[in-house]
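>>> Sequence first, then the predicted structure:
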2 protein chains.
Amino acid sequence: MSKTNALSHHPPPQLSPARGEGGESPERISHRAAQKDFRWDSVEMRPYKEDERALYKTITRQVLFSDPEMAGELRYFEVAPGGFSTLERHEHVHGVLILRGRGECLVGDHVKTLDTHDLVTVPPMTWHQFRATTDEPLGFLCMVNAERDKPQLPTRQDIERLRQNPAIAAFLDGKPPA
Amino acid sequence: MSKTNALSHHPPPQLSPARGEGGESPERISHRAAQKDFRWDSVEMRPYKEDERALYKTITRQVLFSDPEMAGELRYFEVAPGGFSTLERHEHVHGVLILRGRGECLVGDHVKTLDTHDLVTVPPMTWHQFRATTDEPLGFLCMVNAERDKPQLPTRQDIERLRQNPAIAAFLDGKPPA
């Protein structure tokens, strides 16, 4: 079982402390305007199309806040229609706010239907996955600790155990709830 | 000069760690649905109407994520049309995303016009204030460290210095930029 995961590598801090008041240094830009379609000025978008193990599908990541003086990071993930995030678990907690569209998520033993601005908390060591189950993208903010453990991927046994729940099996197959 | 501020008291942690997988304990609810008008299930709204020193006006706070295992907190503030947040500074950094409406903010020596989904970073010890300058509410997410210093309020001398900049004086008076 691999414990590494291209989606979840902790990005190196991209910002260094501002030197004094004003915050107009290029290292810490005080105002970054929203562009069209959930992009932002001075924020790099990293796409993840599909991996050979089908661990994720058509998801992008933009790191909105990552600062050496902040203990948390805020990222924006967007899943294209039919896409999904990696099924994974880890010790660190996720605080998620749906920013765009609708979809579903698995958190532990529960499949949840998500609407715009809903909040999702993923507790430690809890299997979770987000899916864009409608014809529009599912975009969400995710707050995490800057210092955090790497995600764990499910073993075949983990998947089999999850699939014993019919609602979770349907979710993992991208089917509507029975 | 008072260094305390009703708006900025650090709320006591309202959540305790979940006991195992699933996260359905009342202490850590895995899914909280968005209600109408930027309210959320199981999230208390704290209103701050106006204080006698006119330090803030018609602003509400909702703590969306505050968890003993998260180093950051995510709050949602909403300012009614014509209202404003406290003019203050502190060592801790703010990471702000405009979730609703438009407005303006002061960050250091700069007045910025804000649109929905814009990002604002407030560096350490930088005077800042958010104002709802249109006819709609200005709502924003604000990520902070869970452990943080208390805000400092401006002295008369601080205000006088800021007002030497005509754009900042107009901003503080709630007037459109010259």
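Looks like it came in fine.

>>> Show me which helix or strand of chain A is least confident by mean pLDDT.
Evaluated with mean pLDDT, DSSP states H and E, the helix-and-strand set of chain A has its lowest mean pLDDT in strand A:45-50, which scores a mean of 84.

>>> Can you give the distance of that strand from its chain's centre?
Computed by C-alpha atoms, centre = their mean, to the nearest Å, the chain-centroid distance of strand A:45-50 equals 12 Å.

>>> One more: stretch A:150-159?
Worked out by C-alpha atoms, centre = their mean, stretch A:150-159 lies 17 Å from the chain centre.

>>> Any idea how far apart the tips of that stretch sit?
End-to-end distance for stretch A:150-159, by C-alpha to C-alpha, to the nearest Å: 19 Å.

>>> Surely residue A:87 is in contact with residue A:131?
No. Under the criterion of C-beta atoms under 8 Å, residue A:87 lies out of contact with residue A:131, with a separation of 10.0 Å. The C-beta positions use only the backbone N, C-alpha and C, and glycine is treated the same way.

>>> which residue does chain A bring closest to chain B?
residue A:72 (2.2 Å; C-beta to the nearest C-beta).

>>> which ones are touching the residue most central in space within chain A?
Residue closest to the average C-alpha location in chain A (C-alpha atoms, centre = their mean): residue A:77, at 5.0 Å. For residue A:77, the contact set (C-beta atoms under 8 Å, 6 or more residues apart in numbering or on different chains) comprises A:59, A:60, A:61, A:62, A:85, A:130, A:139, A:140, A:142.

>>> Bridging across strands, which residues link to the residue of chain A closest to chain B?
For residue A:72, the residues forming beta bridges with it (DSSP bridges) are residue A:145.

>>> ok so, going back, who is the residue nearest to the centre of chain A paired with across the strands?
In this structure, residue A:77 has the following beta-bridge partners (DSSP bridges): residue A:61, residue A:140.

>>> count of neighbours near the nearest residue in space to residue A:154 that is not next to it in sequence?
Take residue A:154 and drop its neighbours on the chain: the residue closest to it by C-beta to C-beta, 6 or more residues apart in numbering or on different chains is residue A:87, 5.7 Å away. The burial count assigned to residue A:87 is 22, neighbours taken as other C-beta atoms under 10 Å in any protein chain shown.

>>> Local confidence estimate at residue A:87?
Model confidence at residue A:87, expressed as pLDDT, equals 96.

>>> so where do the helices sit in chain A?
Defined through DSSP state H, the helices belonging to chain A, from first to last, are A:156-163, A:166-172.

>>> for the record, mean pLDDT for the last one?
Okay, so that is helix A:166-172. 97.

>>> tell me which residues of it are tucked away?
For helix A:166-172, a neighbour-count test (16 or more other C-beta atoms under 10 Å in any protein chain shown) marks A:168, A:170, A:171, A:172 as buried.

>>> List every C-alpha atom in it, with coordinates, as PDB.
Presented in PDB, the C-alpha positions along helix A:166-172 are these (Å, rounded to 0.1, in the frame of the first residue of the first chain):
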ATOM      1  CA  PRO A 166     -24.900  -0.500  -0.500                       C
ATOM      2  CA  ALA A 167     -25.100   3.300  -0.300                       C
ATOM      3  CA  ILE A 168     -21.300   3.500  -0.200                       C
ATOM      4  CA  ALA A 169     -20.900   1.000  -3.000                       C
ATOM      5  CA  ALA A 170     -23.300   3.000  -5.200                       C
ATOM      6  CA  PHE A 171     -21.400   6.200  -4.300                       C
ATOM      7  CA  LEU A 172     -18.000   4.700  -5.200                       C
END
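
>>> If you count contacts, what does that helix end up packed against?
When contacts are defined as 3 or more C-beta pairs under 8 Å, 6 or more residues apart in numbering or on different chains; DSSP states H and E, helix A:166-172 packs onto strand A:103-107, strand A:110-114, strand A:128-131, helix A:156-163.

>>> Would you mind giving those as TSV with mean pLDDT added?
Listed next are the helices and strands packed on helix A:166-172 as TSV, based on pLDDT from 0 to 100:
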stretch	mean pLDDT
strand A:103-107	98
strand A:110-114	97
strand A:128-131	98
helix A:156-163	97
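
>>> Would you format the helices of chain A as a markdown table with distance to residue B:42 included?
Supplementary listing: those in a markdown table, determined by distance: least, C-beta to C-beta, whole Å:
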| stretch | distance to residue B:42 |
| --- | --- |
| helix A:156-163 | 27 |
| helix A:166-172 | 23 |
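
>>> Beta-bridge partners for the closest residue to residue A:41 other than its chain neighbours, please?
Ranked by C-beta to C-beta, 6+ apart and with sequence neighbours excluded, the top spatial neighbour of residue A:41 is residue A:32, at 4.5 Å. Beta-bridge pairing of residue A:32 under DSSP bridges involves residue B:119.

>>> before we move on, the earlier item: report the contact partners of the residue of chain A closest to chain B.
Under the criterion of C-beta under 8 Å, 6+ apart, the neighbours of residue A:72 are A:65, A:143-146, B:70-74, B:95, B:143, B:145.
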